[in-house]
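Enquirer: Could you look at this predicted model? Sequence included:
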Amino acid sequence: MIKEERHKQIMREINLHNKVLSADLSRLLDVSEDTIRRDFKELIDAGKILKVHGGAISPSFHFPHNMQSEVYALEAKQTIAEKAKKLLKKDITVLIEGGTTIIQLAKAIPKDLRATFFTLSPQVAITLADHEKLDVITIGGKLGKNANILTGASVINQLAEIKVDLCIIGANGLSLADGLTDSDWEIVQVIKAMIRSSQKVAVLSIAEKLNTAQRIKVCDTHALNYLITELPPTDPSLAAYRSNNFELL
């Protein structure tokens, strides 16, 4: 595979999954990790990615409020946000994660909605703070700089003490065979705790992430109540998901 093709594939994986590991890309592209590191350096120098321990992330994932960072599939994520806000009813309690799709939802929430939001993301909390009628509560812990959400034992302990109506999370990988998956161990533990603290769970995912899997399992699909993509529920590519137990929006 020539360098230009590798760079294109690396960018696709980073845009889809926010963070990729050098070892995973080495296996996927069938090249050495040294080759991947050289590719990373060129992409970093071009301002397209950011280096993190063991891999790389998208600038828009690390700095979702930076208007200079282009958000991948922005229009699709805005469509998902418009759908997801229909789940938000008066006086609902919501537990919400972080990420570029979640930021779009936070921006789309009606200004007259009265509700309580718990969030693990400082950036989501700041966005929600623009809504006068929302009570916004942050769950405190260690800030994961690569994902900009709070993780650790203190977060998991606090989550165990609350029960909310709805949990809204993004997807790093989602398939019927592997369920909801992610590549970060600490984030997986936090998302599991979020699910345990919630009556219902909604997953927001662009359609490109469906039928993909990451290293670590969060949960089976039967633990999820809603799947929200930019596609209409009747789209042929969602046929297998329509037969599952969750509702497509």
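Expert: Arrived safely.
Enquirer: which helices and strands sit right next to the strand or helix carrying Arg38?
Expert: Using DSSP states H and E, Arg38 sits in helix 33-45. Where contact means 3 or more CB pairs under 8 Å, 6 or more residues apart in numbering; DSSP states H and E, helix 33-45 is packed against helix 3-17, helix 22-29, strand 50-52, strand 55-57. (Glycine included, C-beta is placed from N, CA and C.)
Enquirer: If we use 10 Å, what do you get?
Expert: helix 3-17, strand 19-21, helix 22-29, strand 50-52, strand 55-57 (3 or more CB pairs under 10 Å, 6 or more residues apart in numbering; DSSP states H and E).
Enquirer: Return the set of buried residues in it.
Expert: Neighbour-count burial for helix 33-45, counted by 16 or more other CB atoms under 10 Å, picks out Thr35, Ile36, Asp39, Phe40, Leu43.
Enquirer: Need the max-distance pair from the residues you listed.
Expert: Thr35 and Leu43 (12.7 Å; CB to CB).
Enquirer: And the helices in the chain, which stretches?
Expert: Per DSSP state H, the chain carries helices over the ranges 3-17, 22-29, 33-45, 59-62, 74-84, 100-108, 122-128, 153-159, 185-196, 239-242.
Enquirer: From Ile169, how far out is Ile80?
Expert: 12 Å (CB to CB, to the nearest Å).
Enquirer: my bad, Val136
Expert: Taken as CB to CB, the span from Val136 to Ile169 is 17 Å.
Enquirer: Does Leu227 touch Ile206 like I think?
Expert: No: if you go by CB atoms under 10 Å, Leu227 and Ile206 don't touch, sitting 11.6 Å apart.
Enquirer: Can you give the domain ranges for the chain?
Expert: Following automatic domain parsing, the chain resolves into domains at 3-57, 74-248.
Enquirer: Now do the last one, average pLDDT.
Expert: Mean pLDDT, taken over the full extent of domain 74-248, equals 93.
Enquirer: Spatially central, which residue of this structure would that be?
Expert: Gly170 (3.2 Å; CA atoms, centre = their mean).
Enquirer: how many other residues sit next to the residue nearest to that one when sequence neighbours are not counted?
Expert: Distances taken as CB to CB, 6 or more residues apart in numbering put Gly99 closest to Gly170, at 4.3 Å, once the chain neighbours are dropped. When counting by other CB atoms under 10 Å, one arrives at 25 neighbours for Gly99.
Enquirer: hmm, back to that, joint contacts of Leu227 and Ile206?
Expert: Ala171 (CB atoms under 10 Å, 6 or more residues apart in numbering).
Enquirer: neighbours around the nearest residue to Trp185 once chain neighbours are set aside, how many?
Expert: In space, and not counting its chain neighbours, Trp185 is closest to Ile216: 6.1 Å by CB to CB, 6+ apart. Ile216: 15 surrounding residues under other CB under 10 Å.
Enquirer: wait, what's in contact with Ile216?
Expert: Contacts of Ile216 (CB under 10 Å, 6+ apart): Asn172, Gly173, Thr181, Asp182, Ser183, Asp184, Trp185, Ile187, Val188, Gln189.
Enquirer: Tell me the spacing between the third one and Lys163.
Expert: Think Thr181. The value you get for Thr181 to Lys163, if CB to CB is used, is 25 Å.
Enquirer: Compare the two and say which is more crowded by neighbours.
Expert: Thr181 (20 against 12).
Enquirer: so what's that one bridging to?
Expert: Gly173, Lys217 (DSSP bridges).
Enquirer: mind listing what it touches?
Expert: Thr181 neighbours (CB under 10 Å, 6+ apart): 17, 171-175, 188, 212-219.
Enquirer: Roughly how far does it sit from Asn211?
Expert: In terms of CB to CB, Thr181 sits 12 Å off from Asn211.
Enquirer: what's the overlap in contacts for the two?
Expert: Gly173, Leu174, Ser175.
Enquirer: and the closest residue to Ile191 other than its chain neighbours, what is it in contact with?
Expert: Computed as CB to CB, 6+ apart, the closest residue to Ile191 that is not its neighbour in sequence is Val218, at 5.1 Å. By CB under 10 Å, 6+ apart, Val218 lies in contact with 169, 171-174, 178-182, 187-192, 194-195, 203, 224.
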